[in-house]
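J.: following is a predicted model, sequence given first.
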There are 2 protein chains.
Amino acid sequence: MTALITEADIDEIALGAAVLGTGGGGDPHVGSLIAKRLIRMHGPVRMLTVDDVTDEDFVVPVGGIGAPSVSVERIMAESELLAALEAIERGTGRRPTAVMPIEVGGGNSMIPIAAAAVAGIPVVDGDAMGRAFPEAQMVTYHLAGYGPGTTVLVDHHGNEVVSRPVNGEWSERLARAVTVEMGGGATMIDYAYGGAVARECAIPGTLTLAKRIGGILRGRDAAGRQLRDDERIDALCTDLGAIRLFDGKVRDLQRAVDGGFTRGAAELDGVGADRGSAFRLDFQNEMLLARRDGALAAVTPDLIAVLDLATGMPMTTDAVRYGARVAIIAIPCHEKWRTPRGLETAGPAHFGYDVEWTPVEQLAAAGTEIAR
Amino acid sequence: MTALITEADIDEIALGAAVLGTGGGGDPHVGSLIAKRLIRMHGPVRMLTVDDVTDEDFVVPVGGIGAPSVSVERIMAESELLAALEAIERGTGRRPTAVMPIEVGGGNSMIPIAAAAVAGIPVVDGDAMGRAFPEAQMVTYHLAGYGPGTTVLVDHHGNEVVSRPVNGEWSERLARAVTVEMGGGATMIDYAYGGAVARECAIPGTLTLAKRIGGILRGRDAAGRQLRDDERIDALCTDLGAIRLFDGKVRDLQRAVDGGFTRGAAELDGVGADRGSAFRLDFQNEMLLARRDGALAAVTPDLIAVLDLATGMPMTTDAVRYGARVAIIAIPCHEKWRTPRGLETAGPAHFGYDVEWTPVEQLAAAGTEIAR
């Protein structure tokens, strides 16, 4: 990828971001349509590496907040993106010089690209999660001790809410309440900081990573070799150091939109080599907990992605259907999430899961031993 | 009352505002303690008549939002008042030159006096309701076609939310959601406008009116004559052109804090001349609907106040108790509420009551005829 994001790059970034989104982050297809339309109208978007960011920059993470189930039905307007950027400028007195994904996952990888196109400013090749997470304080800025700062919420009615919450948890509470009132989805800016803080906190290279993942799932590995359909998932796992946890068919699905989240669980029966085993996935916007025959297989903050078994295409928690044949893969999360503060912020206990956090690599090694 | 509000004026204003508050507007006792403490610390508060307000003024209505049941347990801090004034200045770029009650009712008559003391600016002798109402768009500004403008919510945690809602109804929705999240009560500024708009919209003289009512209920009529305890309620009705609807004893009471409101109903059995009759009051923060033996006796936007039968002291919806012996009085509302837009905004249909709005004077005249 060059330092310019063109319309032709969008589908692969969106596809990769849907994997990193672990089912959340908003609908990547809707996001990609918006990004492509705005690049068509305003021209390609310049991409800065995290190292390119200077102390003088004002780096504004922008994204959608709300239940993914709502983002599908809610096409973000250009005016909403501009309104958000104008509101953060009014609220802080600083003009944004670059936007960044708050999370690389799903549609939220696309919204900053769309905003960059509209505003004529670059997008930073990085994000504040290295994946997607359901709550606003689950960002590397929070882990580094930075507060949410001045935060912005705008909706398609034209409402604008600018908050100064005392900390990340309050930001999440207030933003979630406003988002629900706004109809379940809104455009949000938070953790807008000068370049030095952005460089310290951003997980670098995640848009580029998303594009590489998208390329593999479209049948081309990192070396440019063509991949057969049935090679893609394994090629992806090799590239990412990911673990293929389970191949199965969705037997049961509970899902509800509740309090600004899409929550639920899916139960699967094994197919192929996994025939005879059962698997369960719990989600809150994102896939958070995976259990194989009752034993822990992977848990947040490690990434759990659901891919179509035949095509390798990632599925959002909203798109998972009864009868779908899927592969479940797990990707080790960024090391920032494996610290005590990372695990306290986004580990299983935060979500009310009574399991001890264990790195997915370790769980996989133990699983292999048991199978022997 | 001079143009200065001193500590000695506070109790009478609070008492009168509790009558005009028709049960809502926040706890007047708690509000009066805050106002007295801050006047003691910062000195008396200068009071402007609505006519004194100049075009150069920036008149900021400030008050509490939330369920009255919460306001009792939530003592507003000086820092919260200052934070609200600072937030509106940052959000609009204009420094407040005067504060005003958004509603004269209950504790919300006291908060602007407290804020004026802290900020060293005058308070306007007027308000935007001429009473208290439960929802943020129920103000004379809204009736005149003005939007809420830049609105501020701050809480005792230090959170600050500055919104630009597209209209009054959205302001109410967003503010209520944030208030619930903030713990059910917050300090709010909305409808902050320049002096010309404030002069057009304010209902003049309502702080002075509250003081006069308070004086009567403390046993001194407008002419300075001493009143016996049992003369006070009738003297008040004479002064206000109010109607004494019913004397009774609370037989049944349903009340709950729900969605940022205190909602419920009280049923009463008649005493004295009203023995043998039954009465029902419905409330949502404020008393909204009064029925005598099933027939409409008074309905919002006319004012319905509950007074202790022995002492004349007004009761908030939160303070009404099983077994309490009370007089129910009705006061004709300001003419701005009797327009089509006034009735659409705060009439019975808005609250879901299937009754036709009828002026309380007319209901009383009809009731008298039936009684004959």
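T.: Noted; the coordinates are in hand. Numbers count the residues shown, from 1 in each chain, chains lettered A, B, ... in the order given.
J.: switch to C-alpha atoms for all contacts and neighbour counts from now on
T.: OK.
J.: show me what from chain A comes close to chain B.
T.: Proximity of chain A to chain B (C-alpha under 8 Å from any C-alpha of the partner chain) is limited to residues A:90-91, A:157-166, A:170, A:173-174, A:177-178, A:181-182.
J.: hmm, 10 Å instead?
T.: A:87, A:90-93, A:150-155, A:157-167, A:170-171, A:173-182 (C-alpha under 10 Å from any C-alpha of the partner chain).
J.: contacting residues around A:Val19?
T.: A:28, A:104-106, A:131-132, A:210, A:213-214, A:217, A:303-307, A:312-316, A:329, A:331 (C-alpha atoms under 10 Å, 6 or more residues apart in numbering or on different chains).
J.: which ones among those lie within strands?
T.: Under the assignment DSSP state E, the contacts of A:Val19 contribute A:303-307, A:329, A:331 to strands.
J.: all helices for chain A, in order.
T.: A:7-20, A:28-42, A:68-71, A:78-92, A:110-119, A:140-143, A:168-181, A:195-201, A:206-217, A:232-240, A:340-346, A:360-371 (DSSP state H).
J.: ok, back up a step: which one of the ones in strands among the contacts of A:Val19 is nearest to chain B?
T.: The nearest member of the ones in strands among the contacts of A:Val19 to chain B, counting by C-alpha to the nearest C-alpha, is A:Leu303 at 30.4 Å.
J.: who are the contact partners of the closest one?
T.: A:19-23, A:130-133, A:242, A:286-289, A:329-334, A:360.
J.: where are the low-confidence patches of chain A?
T.: Residues of chain A meeting the criterion pLDDT under 70: A:1-2, A:67-75, A:259-260, A:368-372.
J.: put the alpha carbons of stretch A:303-313 into PDB.
T.: C-alpha atoms of stretch A:303-313 as PDB (Å, rounded to 0.1, in the frame of the first residue of the first chain):
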ATOM      1  CA  LEU A 303      -9.100 -11.700  19.500                       C
ATOM      2  CA  ILE A 304     -11.700 -14.200  18.600                       C
ATOM      3  CA  ALA A 305     -12.900 -14.000  14.900                       C
ATOM      4  CA  VAL A 306     -15.700 -15.900  13.100                       C
ATOM      5  CA  LEU A 307     -15.000 -16.700   9.500                       C
ATOM      6  CA  ASP A 308     -17.200 -18.300   6.900                       C
ATOM      7  CA  LEU A 309     -15.800 -21.800   6.500                       C
ATOM      8  CA  ALA A 310     -16.200 -21.800   2.700                       C
ATOM      9  CA  THR A 311     -15.000 -18.300   1.800                       C
ATOM     10  CA  GLY A 312     -13.000 -17.200   4.800                       C
ATOM     11  CA  MET A 313     -15.100 -14.000   5.000                       C
END
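J.: buried sites along that stretch?
T.: A:303-309, A:311-313 (16 or more other C-alpha atoms under 10 Å in any protein chain shown).
J.: same deal with stretch A:76-89?
T.: A:76, A:78, A:80-81, A:83-89.
J.: ok, now stretch A:343-353?
T.: Neighbour-count burial for stretch A:343-353, counted by 16+ other C-alpha under 10 Å, picks out A:343, A:345-348.
J.: what are the contacting residues of that stretch?
T.: A:133-135, A:137-139, A:142-143, A:169, A:282-284, A:288-289, A:299-302, A:336-341, A:354-358.
J.: hmm, who's touching stretch A:39-46?
T.: A:2-10, A:33-38, A:98, A:113-125.
J.: let's see that with 7 Å instead.
T.: A:3-7, A:113-114, A:116-118, A:122-123 (C-alpha atoms under 7 Å, 6 or more residues apart in numbering or on different chains).
J.: what two of those are the furthest from one another?
T.: Farthest pair in the contacts of stretch A:39-46 (C-alpha to C-alpha) is A:Ala3 and A:Val118. Separation: 17.5 Å.
J.: which of the two has more neighbours?
T.: Taking neighbours as other C-alpha atoms under 10 Å in any protein chain shown, A:Ala3 and A:Val118 compare with A:Val118 leading, 20 against 15.
J.: and the top strand by length along chain A, how far out from the chain middle?
T.: Longest strand in chain A by number of residues, with DSSP E as the criterion: strand A:243-258. Here strand A:243-258 shows a centroid-to-chain-centroid distance of 18 Å under the convention C-alpha atoms, centre = their mean, to the nearest Å.
J.: kindly report the same for stretch A:134-151.
T.: From the chain centre to the centre of stretch A:134-151 is a distance of 15 Å (C-alpha atoms, centre = their mean).
J.: break chain A into its domains for me.
T.: Per the record, chain A has its domains at A:4-206, A:236-371, by automatic domain parsing.
J.: just name the most buried of those.
T.: domain A:4-206 (a mean of 24; mean count of other C-alpha atoms under 10 Å in any protein chain shown).
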